[in-house]
Structures are given as structure tokens and as C-alpha cells.
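Enquirer: what follows is a predicted structure for the sequence shown.
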Amino acid sequence: MKVGDIVICIDSADHSSDPLLFHSRRLTYGKEYTIKRIDNYKLNSSISITNDIGMTGIYNLNRFVTLSKWREERLNELMSLKDTRDF
């Protein structure tokens, strides 16, 4: 992944321990976001994106997949549904 790539949110849960931060960190499952910055650390990586209320936030990279991975997973789901209907 690189700055400018589109990623899809796969974890929209609020991971903040402070309930006042919930709305400022809001994400939507399945929504596209554009990477503004990437920070790589030994234990995990994070990305900066513009969240649902227009604020730039830093999020764990594990909460997102690439657009191509998202599409592949959706196609696989559709193919498995098709296979079950053939019987």
C-alpha cells in the first residue's frame, strides 16, 4: 500500500476507550477511504485517512483491506452463492 491508494474499512468498531472520541473517529464498514499517510512500526502499521466527519485520523492498518482484495472477496462470496444454488 502507498499514499493515495484506496482502502476499504473492514472494522468500523470504536476502539477508543474515551466515549467522547467516538464521533471524531467514526468509520463505516465497506466504505472507501484514501490513504494520506502511512506509519510503519515494529508491532503494527497505521494510516492517516479522512474519516466520516471530515477529520483526519490515524487508524490501525488492520482495519482496512485494499480495494482489489475487497473486490476479490466479494466475487468469491458471489461465486459461492452461485455454487450453492446449482444443487
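Expert: Arrived safely, thanks for sending.
Enquirer: ok, and for stretch 33-41, which residues are buried?
Expert: Residues of stretch 33-41 classed as buried: Tyr33, Ile35 (neighbour count, 16 or more other C-beta atoms under 10 Å). The C-beta positions use only the backbone N, C-alpha and C, and glycine is treated the same way.
Enquirer: touching that stretch from outside, list them.
Expert: Residues from elsewhere that reach stretch 33-41 (C-beta atoms under 8 Å, 6 or more residues apart in numbering): 1-9, 27, 45-51, 56, 58, 61, 64.
Enquirer: again, 10 Å this time
Expert: Stretch 33-41 is contacted by residues 1-9, 27, 45-52, 56-59, 61, 63-64, 66 when judged by C-beta atoms under 10 Å, 6 or more residues apart in numbering.
Enquirer: got it, and stretch 53-72?
Expert: Residues contacting stretch 53-72 (C-beta under 10 Å, 6+ apart): 1, 5-13, 15, 21, 23-27, 29-30, 32-33, 35-40, 44-51, 73.
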